[in-house]
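1. how would this look folded up:
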Amino acid sequence: PTKQIVSKDYESNVTVKTPWNQIQRELDRYHHAFESRVYELTVYKDEAAALANDGSDYLYKQLVKPANMQRHPIQNKIYCVNFLRYHPGRPIKIPIRYINEEESPALKRGGFIVPINKTVECIVEDGAVIPESIDLECTGLQLKAKLRLDKLIFPEGVRPSRRVKNDYLIGIIYGKRSGEDEADGEGDEEAA
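-> Residues are numbered from 1 along each chain as shown. Down below sits the predicted model:
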C-alpha cells in the first residue's frame with residue numbers, strides 16, 4: 001500500500017550553493033540536454049572546506065541530476081536549479097536527435113518534422129554511459145509518416161521506461177508534395 005509514495009523526510013534535503021557562472025557554463029554547453037545529465041555532487045562540512053577544495057574534507061559524494069530549473073522572467077537567466085538524487089535504474093528523460101535527414105525523400109524535398117515529443121524517458125543500466133541524446137533514424141521517411149518508438153536507436157544498456165508505450169509518438173513529417181512545387185512554378189510563369 002505504500003509503494004510509489006514520495007518521502008517527505010526533510011532531514012535528507014541538502015541546500016547546495018553553486019556559483020551562477022558554473023551553472024550557466026553547463027547550460028551553454030549542453031542546452032536542452034542539461035536536465036538529462038548526471039553530475040557528481042560533493043558535499044562539504046562547511047563553506048571553508050569547500051573553498052579549500054583539496055578533496056579531503058568532504059562529507060560524501062552523491063550522483064544528482066538537475067530538475068525544476070527556474071529562470072528569471074525578464075532576464076531569462078537561471079536563478080534556481082534543484083538537484084534530485086540519481087541512481088542507475090531511475091528514469092531519466094533524454095533528448096531526441098534526428099540523424100540521416102538527407103536520406104529521407106520527404107525531408108529532401110522541403111519537408112519538415114513537427115516534433116510532438118522532444119525527449120524519451122529511459123532507464124540506464126548500472127555501468128552504462130548516459131547518452132547525450134537518443135538518435136532517430138530518418139532514412140526512407142515519406143511525407144505524413146508518423147515517427148514512433150521503433151525509429152529510435154537505443155545504445156547498449158539504455159532502454160525505454162515502462163511508462164513509454166510502443167505507440168509513443170515522436171513527430172510527424174509534413175511539407176509540400178513534389179507535384180505541388182512544379183505546379184506552383186508553372187502557375188507563376190503563366191501569370192507573368
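2. which residues are contacting stretch 42-60?
-> If you take Cβ atoms under 8 Å, 6 or more residues apart in numbering as the criterion, stretch 42-60 is touched by 14, 16-17, 61-62. Bear in mind the C-beta positions are built from the backbone N, C-alpha and C, glycine included.
3. which two of those have the greatest separation?
-> Using Cβ to Cβ, these span at most 16.6 Å, a distance reached by 17 and 61.
4. more neighbours: which of these two?
-> residue 61 (10 against 6; other Cβ atoms under 10 Å).
5. list the neighbouring strands of the lengthiest strand in the chain plus their orientation.
-> Longest strand of the chain, by residue count under DSSP state E: strand 58-71. Here strand 58-71 has these sheet partners by DSSP bridges: strand 39-44 (antiparallel), strand 78-85 (antiparallel).
6. now that strand: buried residues?
-> Across strand 58-71, burial judged by 16 or more other Cβ atoms under 10 Å covers 64-66.
7. adding distance to residue 102 and pLDDT, write the residues you listed out as a markdown table.
-> Shown next, in a markdown table, are the buried residues of strand 58-71 (distance: Cβ to Cβ, whole Å; pLDDT from 0 to 100):
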| residue | distance to residue 102 | pLDDT |
| --- | --- | --- |
| 64 | 38 | 89 |
| 65 | 34 | 88 |
| 66 | 34 | 87 |
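8. residue 81: which of the contacts of stretch 42-60 is nearest?
-> Scanning these for proximity to residue 81, where the rule is Cβ to Cβ, the winner is residue 16, at 8.8 Å.
9. which strand residues bridge residue 70?
-> residue 80.
10. residue contacts, it?
-> By Cβ under 8 Å, 6+ apart, the contact list for residue 70 reads 78-81.
11. out of everything not next to it in sequence, what's closest to residue 149?
-> residue 168 (4.5 Å; Cβ to Cβ, 6 or more residues apart in numbering).
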